[in-house]
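[1] I'd like to go over a predicted model; first the sequence, then the structure.
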Amino acid sequence: MADEEEAEETFESTDAGSSHTYPMEGGQIRKGGYIMIKGNPCKVSDVSTSKTGKHGHAKCHFVAIDIFSGKKMEDLVPSSHTTMIPFVKKEELQCMDVDDDGFVTILTASGDTRSDLKLPDVMNPAPPGASELSGKIRTLLKEEKEFFLIVQSACGIEQIMDIKVMTQ
């Protein structure tokens, strides 16, 4: 009986098997929206549409920036065909600490702590501006300032994108 009282059950939240993307017609996607190009979640920076020709549909030419790597990507999609759109989520999470391996301890909205998020300069490949952002995070922790990390997630990937310092 004593063993049963000491054993604490924990239930981790898991992925319910839902998709990281949803379908949308190419002609419905606008500048500032998101699109999957070659398996990468991207933010659309420019859209141009060609007219229907003798041999087919109107086509949409997308110029987009990969939201994690910052690389410019392009795709050509018939406007009436469906293409995949990523679910993109941004959160502000309070930063508590950074360990020697570059893992950040953050406080979640529910009050729990997590230590599974890496500093941007430790990630492979490192996003643009990663070393400056990581240096800023370490400096703010040394100065014992309170700040939030802006974390973006899509397609099962989470990445620190920016910081927001709390004013006293």
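    Everything's here; your move. Residues are numbered from 1 along each chain as shown.
[2] Endpoints of stretch 31-49, how far apart?
    One end of stretch 31-49 sits 12 Å from the other (CA to CA, to the nearest Å).
[3] the helices in this protein, which residues?
    With DSSP state H, the ranges of helices along the chain come out as 2-6, 130-142.
[4] highest average neighbour count across those helices?
    Of all the helices of the chain, helix 130-142 has the most neighbours on average by mean count of other CB atoms under 10 Å, namely a mean of 15. Where you see a C-beta, it was placed from the backbone N, CA and C, and this is true even at glycine.
[5] Now do it: which elements does it pack against?
    Packing partners of helix 130-142 (3 or more CB pairs under 8 Å, 6 or more residues apart in numbering; DSSP states H and E): strand 89-98, strand 147-154, strand 157-165.
[6] Just send these back as TSV, with mean neighbour count and distance to I67 too.
    Shown next, in TSV, are the helices and strands packed on helix 130-142 (neighbours: other CB atoms under 10 Å; distance: least, CB to CB, whole Å):
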stretch	mean neighbour count	distance to I67
strand 89-98	14	10
strand 147-154	18	6
strand 157-165	16	8
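[7] which stretch among the ones you listed comes nearest E132?
    For E132, the closest of those is strand 157-165, at 10.8 Å, according to CB to CB.
[8] Can you get me the centre-to-centre distance for that closest one and its chain?
    Its chain's C-alpha centre and that of strand 157-165 lie 9 Å apart, by CA atoms, centre = their mean, to the nearest Å.
[9] coming back round to it: turn the helices of the chain into TSV, including mean pLDDT.
    Below are these laid out as TSV (pLDDT from 0 to 100):
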stretch	mean pLDDT
helix 2-6	51
helix 130-142	92
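[10] Kindly present those as CSV, with separate columns for distance to C95.
    Shown next, in CSV, are the helices of the chain (distance: least, CB to CB, whole Å):
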stretch, distance to C95
helix 2-6, 33
helix 130-142, 7
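[11] Looking at those helices, which is nearest to G56?
    Per CB to CB, nearest to G56 of the helices of the chain: helix 130-142, 42.3 Å.
[12] Which of the helices and strands packed on helix 130-142 sits closest to K54?
    When the helices and strands packed on helix 130-142 are compared by CB to CB, strand 147-154 sits nearest K54, at 38.3 Å.
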